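In: fold the stuff below for me.
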Amino acid sequence: RGEVVHGIEPRRFELVDGELRSRTASLRVITRTLVLDSAAPEHEIRFVKLDVSAAASVASVGILDLSRRTLYSEQRLLQAGVSLAAPVAVPSSRLSAPAADGTEAVRASSSGPLAASLPALARGAPPGGVRG
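Out: Prediction:
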């Protein structure tokens with residue numbers, strides 16, 4: 001009946017217009033997973049908060065710069081009251097240590113004086129490209 005139940009504890013989501021919409025909160029998660037460094041052997045799933053403009057860009061272009069964005073675990077996403085998010089597969093080695101509020105960020109892939117200014121581009125996974 002168009003309902004998805006999944007996650008760290010069962011939550012009810014309904015698939016509406018290409019988004020998973022929570023039945024119990026105002027959370028909407030776009031269904032396109034973004035992948036940072038698809039060649040990495042292991043990824044952790046995190047979520048990135050989006051505004052309407054960023055969500056439209058992800059939907060049309062399939063690319064998002066994660067370099068200055070906050071990443072949320074599933075549990076933290078729900079606690080933070082985020083209303084629109086996208087799932088992101090990030091290599092464990094690229095995740096920063098959690099901040100005091102439990103959020104994370106993407107670490108630069110290189111070092112040096114300009115490393116922090118380089119983008120960390122996550123691209124939309126091809127259909128069937130992300131498997132659990």
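
In: low-confidence ranges in the chain?
Out: 1-11, 126-132 (pLDDT under 70).

In: in it, which spans are helices?
Out: 52-60, 74-80 (DSSP state H).

In: looking at those helices, which is buried most?
Out: Comparing the helices of the chain by mean neighbour count (mean count of other C-beta atoms under 10 Å), helix 74-80 ranks first with a mean of 17. C-betas here are computed from N, CA, C, even on glycine.

In: what's the spacing between that one and its chain's center?
Out: Averaging C-alpha positions (C-alpha atoms, centre = their mean, to the nearest Å) puts helix 74-80 12 Å from its chain's average.

In: report the backbone C-alpha coordinates of that helix in CSV.
Out: C-alpha atoms of helix 74-80 as CSV (Å, rounded to 0.1, in the frame of the first residue of the first chain):
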residue,chain,number,x,y,z
GLU,A,74,19.2,8.4,11.4
GLN,A,75,18.6,8.9,15.1
ARG,A,76,20.1,12.4,15.2
LEU,A,77,18.1,13.4,12.0
LEU,A,78,14.8,12.6,13.8
GLN,A,79,15.9,14.5,17.0
ALA,A,80,17.1,17.6,15.1
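
In: what helices or strands is it leaning on?
Out: Packed against helix 74-80 by the contact rule (3 or more C-beta pairs under 8 Å, 6 or more residues apart in numbering; DSSP states H and E) you find strand 43-49.

In: sheet partners, orientation included, of the strand it packs on?
Out: strand 71-72 (antiparallel), strand 84-91 (antiparallel) (DSSP bridges).
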